[in-house]
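Colleague: Sequence isn't available, so here's the structure alone:
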């Protein structure tokens, strides 16, 4: 690990309609130096991805206007490489199948474990860039 400044080059998008959940995710990833951007729904997340350089995204499954899965499916029409991690309290077999058909990088159950979020994010970024973050 090179240090927190090393990760600053990575931008992470956090999409969740629950402000408390967004803040909790930000508190998990921001201390490592990741640049964090936030969205309150899937539509806003798609707008951000089209305007900013994003290296990984965490989408809550249940959001108004557009679910995390719907946002992922729409995203795949113009960006096939971005690692998207879905977060859900409903990890049914159907949802898991749909998530992986839409090429989700991973699905994390709620309540989230900070260690699982960081480990999954590290793997996603490492795979994307061909290196290990920590």
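Modeller: In hand now; what should we look at? Quantities reported herein were computed from a predicted structural model and do not represent experimental measurements.

Colleague: Now the most centrally placed residue in the chain: closest residue in space that isn't a chain neighbour?
Modeller: Centrality entry for the chain: nearest residue to the mean C-alpha point is residue 58, 1.6 Å, by Cα atoms, centre = their mean. Computed as Cβ to Cβ, 6 or more residues apart in numbering, the closest residue to residue 58 that is not its neighbour in sequence is residue 85, at 4.8 Å. Quick note: C-beta positions are derived from backbone N, CA and C, even for glycine.

Colleague: List the beta-bridge partners for that neighbour.
Modeller: With DSSP bridges applied, residue 85 shows beta-bridge pairing to residue 58, residue 106.

Colleague: coming back round to it: now do the contacts for the residue nearest to the centre of the chain.
Modeller: Neighbouring residues of residue 58 by Cβ atoms under 8 Å, 6 or more residues apart in numbering: 12-16, 25, 84-87, 108, 117, 121.

Colleague: right, and the residue nearest to residue 58 touches residue 104 too?
Modeller: Yes: look at residue 85 against residue 104 with Cβ atoms under 8 Å: they come within range, at 7.0 Å.

Colleague: Counting only strands, which of the contacts of residue 58 make the cut?
Modeller: 12, 13, 14, 15, 84, 85, 86, 87, 108 (DSSP state E).

Colleague: Helices along this protein, start to end?
Modeller: Per DSSP state H, the chain carries helices over the ranges 4-7, 19-29, 42-51, 68-75, 93-101, 114-129.

Colleague: want to throw these into CSV with distance to residue 35 and mean neighbour count?
Modeller: Formatted as CSV, these follow (distance: least, Cβ to Cβ, whole Å; neighbours: other Cβ atoms under 10 Å):
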stretch, distance to residue 35, mean neighbour count
helix 4-7, 9, 14
helix 19-29, 9, 16
helix 42-51, 12, 18
helix 68-75, 19, 23
helix 93-101, 25, 14
helix 114-129, 12, 16
